[in-house]
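> Got a predicted structure plus its sequence, pasted below:
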Amino acid sequence: MPRLGTVNPDTAEPAAKALLDKVERALGVTPNMMRAMATSPAVLDGYLSFSGSLAKGTLGAALREQIALVTAVENSCDYCYAAHHVLGAKAGVSPADLASGGHAQAADPKAAAALRFARAVIRSKGFVSDEEIDIVRAAGYGDGEIGEIVGAVALNTFTNYFNSVGRTEIDFPVVALPESEVATA
C-alpha cells in the first residue's frame, strides 16, 4: 500500500498541473511516481530538470536506461526496475540487454564497462578505485561521460529511494527484481 499520496493531474494546483502536463506530453501517460512527486512541485521539478539536463549530455538514452536498471537492482527498487524495462525498450535497449542490464552486463563491451562502473559507484558510495576509473577510461569514456554516469546513478538513486520510501504503486508491467550480486564483476 502506498505511503505517499499522489496528485490527480485534473485537480492539481497550478504549479503541479503544469509539471504533470509536461510529463503527459512527453510520455503519453503520467506515472504514479510523477503523481507522488507532484505533492511537492519542487521535487517533481527538480527530478524533471536533472533528468532533462542529463538527456542533453553525451550518453545516449539506451545507456542511461541500462544504468537505471543497474541502479534499481542495487537499490532493490521494484518500481524503477519495472519502469526502466518499459522505458529502456522504448529507448532501443534489446530484450537481452534489458534482461542482463540489472547485473551490469550488456552485449556491447563499452556499454558493459559503463554499467560495471555505475555499479562500482553505487557499491563504493562514490569511492571508486583508481583501477575502476582506468577501466572505464580504457573502454572509451572521457571525464565528461564519467561525470554523466555518476549523474545518472545519482538521479536514479533518488528515484529508487523516493519510490521505496513511498511504496509507489507499480503502474508498469511488473518485472521480477533480481537479487543484487555480491561480488563485483
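Great, that's in hand.

> give me phi/psi at the residue nearest the centre of the chain?
Of all residues in the chain, the one closest to the mean position by C-alpha atoms, centre = their mean is Ala68, 3.2 Å from it. Per-residue torsions, Ala68: phi -60, psi -40 (degrees, to the nearest 10).

> pretty sure it contacts Tyr79?
No. Applying C-beta atoms under 8 Å as the test, Ala68 and Tyr79 come out as separate, 11.4 Å apart. Where C-beta positions appear, they are placed from N, C-alpha and C, glycine not excepted.

> Read off the pLDDT value for the residue nearest to the centre of the chain.
Looking at Ala68, its pLDDT is 98.

> If you drop the residues flanking it in sequence, what lies closest to it?
Spatial nearest neighbour of Ala68, excluding adjacent residues (C-beta to C-beta, 6 or more residues apart in numbering): His84 at 4.1 Å.

> confidence score at the one you found?
On the pLDDT scale, His84 gets 97.

> Same question for Thr184.
We have a pLDDT of 38 for Thr184.

> any idea how the chain splits into domains?
As assigned by automatic domain parsing, the chain contains the domains 14-55, 61-166.

> Now tabulate these in JSON lines and tack on distance to Pro2.
JSON lines is the format used below for the domains of the chain (distance: least, C-beta to C-beta, whole Å):
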{"stretch": "domain 14-55", "distance to Pro2": "7"}
{"stretch": "domain 61-166", "distance to Pro2": "6"}
